[in-house]
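# here is my input, please return the structure:
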Amino acid sequence: MLAQYEEKMKKTIESLEKEYSTIRAGRANPHILDRITVLYYGAPTPLQQVANITVPEARTIMISPWESSLIKEIEKAIVCSDLGINPNNDGKNIIINFPELTEDRRKELAKDVKKKGENAKVAIRNIRRDANDALKKANKAAEMSDDELKGNEEKVQKMTDKYVAQVDQEIETKTKEIMTV
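Predicted coordinates for the structure are as follows:
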């Protein structure tokens, strides 16, 4: 019965990790382009499906479209995104150079990381509440004894503590990555 709630908590952690992978930490990370879609034959298509993305240097991402006609479309999609990066093209490839992050920008990103982590903790606590509500319902319907209810509530709390600690670890790791010059 508790497995479904643990699965939801795991998904919350995975979602947080995915969000963190799109946050720029000074180095070129191709995952920041994961959310960008390009109009390809009239249909919005993820950038990874229309181009090859490589990191030739620590602060550079190179996008090689499979069709040269897509260069303008890809450039437009990157400029219109909320990433705040300017692409350059050499006719065949699009090159994105990442400048050093300023101290203010690092602090801003660290705050964002913390906020996203707090949201994940809230989600985990909501899952705990749902699990406890389900346990109490089962207890009222005489499907489990009071002792079983107490034991299961303790298991839910241990599970919650484990995943909240994992979120704290994720926050600490990403903040350290961002603040490292």
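# hey, let's count contacts and neighbours off CA atoms from now on
Noted.
# how's this protein carved up into domains?
3-21+102-179, 30-97 (automatic domain parsing).
# span of the last one from start to end?
Looking back up the chat, that one is domain 30-97. From its first residue to its last, domain 30-97 covers 12 Å (C-alpha to C-alpha, to the nearest Å).
# now it: mean pLDDT?
For domain 30-97, mean pLDDT rounds to 84.
# again with stretch 103-111
85.
# what about it, distance to the chain center?
17 Å (C-alpha atoms, centre = their mean, to the nearest Å).
# equivalent analysis for stretch 98-114, please.
So, by C-alpha atoms, centre = their mean, the centroid of stretch 98-114 is 16 Å from its chain's centroid.
# pull the CA atoms of it into PDB?
The C-alpha atoms that make up stretch 98-114 are tabulated as PDB, following Å, rounded to 0.1, in the frame of the first residue of the first chain:
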ATOM      1  CA  PHE A  98      28.900  31.100 -21.900                       C
ATOM      2  CA  PRO A  99      30.500  34.000 -20.100                       C
ATOM      3  CA  GLU A 100      31.700  33.600 -16.500                       C
ATOM      4  CA  LEU A 101      28.800  34.100 -14.100                       C
ATOM      5  CA  THR A 102      28.900  37.200 -12.000                       C
ATOM      6  CA  GLU A 103      28.700  36.900  -8.200                       C
ATOM      7  CA  ASP A 104      25.200  38.500  -8.200                       C
ATOM      8  CA  ARG A 105      24.000  36.000 -10.800                       C
ATOM      9  CA  ARG A 106      25.500  33.100  -8.800                       C
ATOM     10  CA  LYS A 107      23.600  34.200  -5.700                       C
ATOM     11  CA  GLU A 108      20.400  34.600  -7.700                       C
ATOM     12  CA  LEU A 109      20.800  31.100  -9.100                       C
ATOM     13  CA  ALA A 110      21.500  29.700  -5.600                       C
ATOM     14  CA  LYS A 111      18.200  31.300  -4.400                       C
ATOM     15  CA  ASP A 112      16.400  29.700  -7.300                       C
ATOM     16  CA  VAL A 113      17.900  26.300  -6.500                       C
ATOM     17  CA  LYS A 114      16.800  26.700  -2.900                       C
END
